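**Q** model the following, please.
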Amino acid sequence: MSRPYGKFTVRGSEAVEDLITGLVNETVDMAKRVLSPNDYRALIMMGGYGRGEGGVDIVDGEERPHNNFDFLLISESARPSKQAVLRQRLYDIFTPVMQKYDIEIDLSVISTWKLRFSPTLIIWYETRFGHKTILGDDRFVPGLKHFRLNRIPSRDALRLLVNRGTLLLINEQLLEEGCTTEADRKRLVRNVMKAIIGYGDAMLFFLGDYHWSYVERKRRMEQHHDIPAEFRALYDEAAEFR
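**A** Modelled structure (predicted):
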């Protein structure tokens with residue numbers, strides 16, 4: 001199979017790469033049917049698969065996508081009502097396909113204007129360097145040159161730390177309510193792993209060693225012998241889980 005978007009995973013097999021490529025091709029075809037070229041500047045894939053660093057699960061002996069599919073539609077319209085309509089159109093056509101393959105999707109819409117004038121945040125720094133443009137102008141996001149690491153305010157890293165720490169409080173509540181299903185167990189584990197990664201990422205940021213790539217952050221954490229070995233091992237395990 002042709003791979004116009006490059007690799008989606010770090011260690012995935014040819015079969016899972018073909019599967020994800022086929023799913024993305026399908027979403028592109030569907031998006032073209034419900035969107036006018038005047039509606040958007042680009043549709044991009046973010047997150048692990050957008051970076052080419054997504055994870056895989058083994059289900060019944062076959063590799064399957066592990067992470068959510070994260071899509072961002074960059075709208076030409078700044079009107080919230082118009083953006084809501086575009087999001088709903090995409091969500092309605094993407095959801096049945098993702099359900100068929102038991103994959104969750106995160107779908108957001110933002111305007112070109114808002115991106116151009118947004119303050120530099122971790123999410124936009126990571127998106128600029130770690131994404132795949134699957135439809136539209138593939139020069140737009142890389143051209144947002146104000147999204148640089150040295151422009152990220154420390155309060156944004158603090159926000160990330162608090163956000164991920166909140167997941168542990170959610171876990172406490174889930175445990176108090178009594179988690180009995182496999183889905184509950186997976187959610188608990190996922191929240192713990194995200195909290196560990198969030199804490200480690202915040203440390204790397206304040207040590208001046210942050211990077212947009214999951215793989216590179218994992219490597220840098222391994223080199224930081226000023227961080228306790230026990231935590232570095234936890235971070236490594238959480239990064240592998242991701």
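
**Q** state the pLDDT value of the spatially most central residue of the chain.
**A** Residue closest to the average C-alpha location in the chain (Cα atoms, centre = their mean): Gly47, at 1.9 Å. pLDDT recorded at Gly47 is 91.

**Q** over to Arg242?
**A** 75.

**Q** quick revisit: let me see the contact set for the residue nearest to the centre of the chain.
**A** By Cβ atoms under 8 Å, 6 or more residues apart in numbering, the contact list for Gly47 reads Gly54, Asn67, Asn68, Phe69, Asp70, Asp106. C-beta: built from backbone N, CA, C; applies to glycine.

**Q** residues near the fourth one, how many?
**A** Counted with other Cβ atoms under 10 Å, the neighbours of Phe69 add up to 26.

**Q** got the contact list for it?
**A** Phe69 neighbours (Cβ under 8 Å, 6+ apart): Leu23, Thr27, Met45, Gly47, Tyr49, Met98, Ile103, Glu104, Ile105, Asp106.

**Q** now do the third one
**A** Shown in contact with Asn68 (Cβ under 8 Å, 6+ apart): Gly47, Ile103, Glu104, Ile105, Asp106.

**Q** host element of Phe71?
**A** strand 69-75 (DSSP states H and E).

**Q** run through the helices of this protein in chain order.
**A** Applying DSSP state H to the chain gives helices spanning 14-34, 47-51, 80-100, 112-117, 122-129, 154-177, 182-206, 214-223, 229-241.

**Q** so of those helices, which one's packed in deepest?
**A** helix 47-51 (a mean of 23; mean count of other Cβ atoms under 10 Å).
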